[in-house]
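**Student:** I would like to see how this sequence folds:
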Amino acid sequence: MTIFSTIRRAGIAVLACLLALPVLADEPGGLVTGSFGDQPLELTVAPELSGATIIGNYADASLLAAQMEGDQGPVNLELTINGELPSPGEMALTITFARDMGRNWTGDQDSLTLTLEEFTPGDGIVALKGTLTGQVSGGPSSETRPVTFSFDTRLEELD
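**Tutor:** Residues are numbered from 1 along each chain as shown. Predicted coordinates:
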């Protein structure tokens, strides 16, 4: 075997991996990044627990994202959005800190502002991208804290 045949074989494997990248980009998943009060959070969307439905101009989406590592321990974020596109009127956000019981925080359309950049179906996947800002209430002392989250996700389109 010559050095050229080895390089050629390695090149074919690299090319195959590069060609697979667009396919991976179309898989369900994504990230939610932002802050809860002054605490930064980066959460990974759980594709098996997230999905979206679009019927005409009506949209319904739910995503669950988690951060397992860090000072806060396991953190879950659940976001639901529904209503007429391009500006769905209803939303709910729940943030749960697993280490401290009672540290659940919630907000809805009365305390949060949703800016959607994308809510587009295609080939069984719904691209959902936007920003959520406002305040959530809860925790052990029934406090209010500011939140800002950006999300860039691909959700499985549900029937």
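
**Student:** CA atoms for contacts and neighbours, from now on please.
**Tutor:** Noted.

**Student:** could you report the neighbour count for E78?
**Tutor:** 18 (other CA atoms under 10 Å).

**Student:** which residues does it contact?
**Tutor:** E78 is in contact with S62, L63, L64, A65, A92, L93, T94, I95, counting by CA atoms under 8 Å, 6 or more residues apart in numbering.

**Student:** looking at these, which is nearest L31?
**Tutor:** The shortest distance between L31 and any of these, using CA to CA, involves A65 and amounts to 7.6 Å.

**Student:** so what strands line up beside the strand or helix carrying the closest one?
**Tutor:** Here A65 is covered by strand 58-67, with elements defined by DSSP states H and E. In its sheet, strand 58-67 lies beside strand 39-45 (antiparallel), strand 51-55 (antiparallel), strand 75-84 (antiparallel), with partners assigned from DSSP bridges.

**Student:** which one of those lies closest to L155?
**Tutor:** Across these, closest to L155 is strand 51-55 (CA to CA), at 4.9 Å.

**Student:** and the closest one, what's its mean pLDDT?
**Tutor:** Within the predicted structure, the mean pLDDT of strand 51-55 is 93.

**Student:** sorry, back to before: let's have the strands paired with strand 58-67 in TSV, adding distance to T120.
**Tutor:** Rendered in TSV, the data for the strands paired with strand 58-67 read as follows (distance: least, CA to CA, whole Å):
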stretch	distance to T120
strand 39-45	17
strand 51-55	9
strand 75-84	13
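
**Student:** so which of those strands is nearest T144?
**Tutor:** Per CA to CA, nearest to T144 of the strands paired with strand 58-67: strand 39-45, 14.0 Å.

**Student:** what are the boundaries of the helices in the protein?
**Tutor:** Read by DSSP state H, the chain holds these helices, from start to end of the chain: 3-25.

**Student:** give me the low-pLDDT residue ranges for it?
**Tutor:** Screening the chain residue by residue with the criterion pLDDT under 70, one finds the ranges 1-25, 72, 100-102.

**Student:** for E42, see how far away G34 is.
**Tutor:** The span separating G34 from E42 equals 7 Å under the rule CA to CA, to the nearest Å.

**Student:** cool, A59 as well?
**Tutor:** 25 Å.

**Student:** again with T148
**Tutor:** When distance is defined by CA to CA, T148 is 11 Å away from E42.

**Student:** need the residues touching each of the two.
**Tutor:** For the pair T148 and E42, residues contacting each of them under the criterion CA under 8 Å, 6+ apart are G34.

**Student:** right, I'll leave it there.
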